[in-house]
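Q: okay, predicted coordinates and the sequence, questions at the end:
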Amino acid sequence: DAGVIQSPRHEVTEMGQEVTLRCKPISGHNSLFWYRQTMMRGLELLIYFNNNVPIDDSGMPEDRFSAKMPNASFSTLKIQPSEPRDSAVYFCASRPGQGQETQYFGPGTRLLVL
Amino acid sequence: AQRVTQPEKLLSVFKGAPVELKCNYSYSGSPELFWYVQYSRQRLQLLLRHISRESIKGFTADLNKGETSFHLKKPFAQEEDSAMYYCAPDSGTYKYIFGTGTRLKVLA
């Protein structure tokens, strides 16, 4: 298994543009997480899906952020419109179930909003 | 409220010196404790978890329920240990709360 796959790996965009980040979890995993990593705040959980259903989106910072999981093998995180303060590394992670299990992280998308 | 604290943002040690990365948590119930590591420009990956009681890359972590701590230790640091380390208690709900992380720098 290739592990969790994210694309793009790097994204540079201008303020006001729409940004879409993509994630393919490990096959068979039914929990998916989106995190944001910054120097100031560390790793923050943005949203959690279980069986493709959003369970907790309380970490999504604003209405500009939205996430979808149309099927078990694909999820997107969208920022529209983007702002410079959204610059961060965004990680996707998946986990086999809901219990106390290891999370498997993707390589991350490094986003820079100018 | 559930909380995890890693008091040191940066820890610098010389090669061959002992290392201790601190983690304190405030959780109800019996969380499972994890340490994750992120090497430069790489993805986060599991280093070790309490339930497996393994020693990974020479690191161990002891759960102290009385002090609610899960400090990560290694007797002799190596340069390749330089990385970002995150403590993450898991209460059994879906929600991990990661600590803010400790950057370990091992100096030659």
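A: Arrived safely, thanks for sending.
Q: near chain B, which residues of chain A are found?
A: For chain A, the contact set with chain B under Cβ under 8 Å from any Cβ of the partner chain comprises A:3-4, A:31, A:33, A:35, A:41-43, A:45, A:48, A:50, A:55-56, A:91, A:93, A:98-103, A:105-108. C-beta coordinates here come from the backbone N, C-alpha and C atoms, glycine included.
Q: list the beta-bridge partners for residue B:72.
A: Counting by DSSP bridges, residue B:72 is bridged to residue B:21, residue B:61.
Q: how about residue A:92?
A: According to DSSP bridges, the residues that bridge with residue A:92 are residue A:34.
Q: report how many residues lie close to it.
A: A count of nearby residues for residue A:92, using other Cβ atoms under 10 Å in any protein chain shown, gives 28.
Q: so it makes contact with residue A:105?
A: Yes. Proximity of residue A:92 to residue A:105 meets the contact threshold set by Cβ atoms under 8 Å, at 7.4 Å.
Q: joint contacts of the two?
A: Both residue A:92 and residue A:105 are contacted by residue A:4, under the criterion Cβ atoms under 8 Å, 6 or more residues apart in numbering or on different chains.
Q: which pLDDT value belongs to the residue nearest the centre of chain A?
A: By Cα atoms, centre = their mean, the mean C-alpha position of chain A lies nearest to residue A:34, the distance being 3.2 Å. Model confidence at residue A:34, expressed as pLDDT, equals 96.
Q: now residue B:93
A: pLDDT, read off for residue B:93, is 69.
Q: where are the low-confidence patches of chain A?
A: A:1 (pLDDT under 70).
Q: same thing but 90
A: A:1-2, A:39-43, A:56, A:58, A:61-62, A:96-102 (pLDDT under 90).
Q: so who does residue 81 touch?
A: No chain specified, so I'll use chain A. So residue A:81 contacts A:15-18, A:64 (Cβ under 8 Å, 6+ apart).
Q: should've been chain B
A: B:19, B:57, B:74, B:104, B:106.
Q: fine, thanks again, bye for now.
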